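Novice: Need a 3D model of the following:
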Amino acid sequence: MSFIIEPKGVDFVIQSSPLTDEERDEISAFIEKSKLKRITDQNSSLKTKRTTSSKISTKKKSNL
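Specialist: Next comes the predicted model:
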C-alpha cells in the first residue's frame, strides 16, 4: 500500500461544516452512553470471573 501524493496545485484538505448545538449534544450523549455501557460490561465480566474462580478454589479444597 502506498501513500497518495497530492498533484501540484491540488490540496486534499477536507473542511467540514461546523456542528449545530443539537448535533453536538447528540454526539456527547452517544459518547457518554457508550462509555457507561463499556464500564458496565467490564464490571459484569469481572464479577463473572470472580465467581468462577471462587467455585474452582472450592472444588480443589474438597478434593484434598
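Novice: Could you report the separation of the most centrally placed residue in the chain from residue 45?
Specialist: Against the mean C-alpha coordinate of the chain, by CA atoms, centre = their mean, the closest residue is residue 38 at 6.3 Å. According to CB to CB, to the nearest Å, residue 38 stands 11 Å off from residue 45. The way it works is simple: take the backbone N, C-alpha and C, and place the C-beta from them, glycine included.
Novice: still on that earlier bit, tell me the spacing between the residue nearest to the centre of the chain and residue 26.
Specialist: 19 Å.
Novice: which residue ranges form the helices in the chain?
Specialist: Here the chain has its helices, by DSSP state H, at 21-63.
Novice: what residue ranges in it score low on pLDDT?
Specialist: 1, 48-64 (pLDDT under 70).
Novice: Recalculate using a threshold of 90.
Specialist: 1-17, 38-64 (pLDDT under 90).
Novice: For stretch 31-44, list the C-alpha coordinates in CSV.
Specialist: Presented in CSV, the C-alpha positions along stretch 31-44 are these (Å, rounded to 0.1, in the frame of the first residue of the first chain):
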residue,chain,number,x,y,z
ILE,A,31,-20.2,9.1,23.8
GLU,A,32,-21.4,9.2,27.4
LYS,A,33,-23.8,6.3,26.8
SER,A,34,-21.1,4.3,25.1
LYS,A,35,-18.6,4.8,28.0
LEU,A,36,-21.2,3.8,30.6
LYS,A,37,-22.0,0.6,28.7
ARG,A,38,-18.4,-0.3,28.4
ILE,A,39,-17.8,0.3,32.1
THR,A,40,-20.9,-1.8,33.0
ASP,A,41,-19.8,-4.6,30.7
GLN,A,42,-16.3,-4.6,32.3
ASN,A,43,-17.7,-4.7,35.8
SER,A,44,-20.1,-7.6,35.0
